[in-house]
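# have a look at this fold, sequence not included:
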């Protein structure tokens, strides 16, 4: 979905965090005025994400999406395509889905989110289910223990 981000950049200011191996996309993004941050450390990535008004995830092949989880953990809303793997998992107020490949809807939703004030964003994150989800997925040990518990409960029932 990188080419769709390039279209989005014509309408909103973007930063792109990526890897130096993606030179073609990085060069094209830079030519459109996107600030490209290559090979960012985890600390840098979280700093950038925590200051962002939104994370735009135009992927056509996400499954669990750790990037989405990371954005939610630092209080950043997410806009993604309505892939079944994402819509079934990330059913929370600060996650917005648009029809896959619908760049116009992605542009509109991004513009809406970047105009929200901090209170509007905070309200999205006041969700007990989201807090439980983030706590569960805050470490792989938590996830493994939860899966183990589900399996044991299934076997015993």
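Structure's in. What do you need? Here the structure is a predicted model, which is why all the values come from computation and not from measurement.

# for residue 142, which non-adjacent residue is closest in space?
residue 136 (5.4 Å; Cβ to Cβ, 6 or more residues apart in numbering). In short, each C-beta sits where N, CA and C put it, glycine included.

# wait, that neighbour touches residue 145, no?
No. Counting by Cβ atoms under 8 Å, residue 145 is not a contact partner of residue 136; they are 9.2 Å apart.

# and for the residue nearest to residue 142, the neighbour number?
Number of residues near residue 136 (other Cβ atoms under 10 Å) recorded here: 12.

# check contacts around residue 134.
69, 72-73 (Cβ atoms under 8 Å, 6 or more residues apart in numbering).

# any chance of the residues you listed in CSV, plus distance to residue 113?
Shown next, in CSV, are the contacts of residue 134 (distance: Cβ to Cβ, whole Å):
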residue, distance to residue 113
69, 18
72, 14
73, 17
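
# which one of these is nearest residue 156?
Nearest to residue 156 among the contacts of residue 134 is residue 69, at 29.8 Å by Cβ to Cβ.

# any idea how far that closest one is from residue 89?
To residue 89, residue 69 is 9 Å away according to Cβ to Cβ, to the nearest Å.

# what's around residue 116, how many residues?
Residues lying near residue 116 (other Cβ under 10 Å) number 15.

# touching, it and residue 76? I think so.
No. The criterion here is Cβ under 8 Å, and residue 116 misses it with residue 76 at 11.7 Å.

# between the two, what contacts are shared?
When contacts are counted by Cβ under 8 Å, 6+ apart, residue 116 and residue 76 are jointly contacted by residue 53.

# which stretches in this protein count as strands?
Using DSSP state E, the strands of the chain run over residues 15-18, 35-38, 55-57, 78-81, 95-98.

# what does the third one contact?
Contact with strand 55-57 is made by 1, 5, 8, 14, 49, 65, 67-68, 71, 76-81, 106, 110, as judged by Cβ under 8 Å, 6+ apart.

# list the ones among those residues that fall in helices.
In helices, defined here by DSSP state H, the members of the contacts of strand 55-57 are 5, 8, 49, 67-68, 71, 106, 110.
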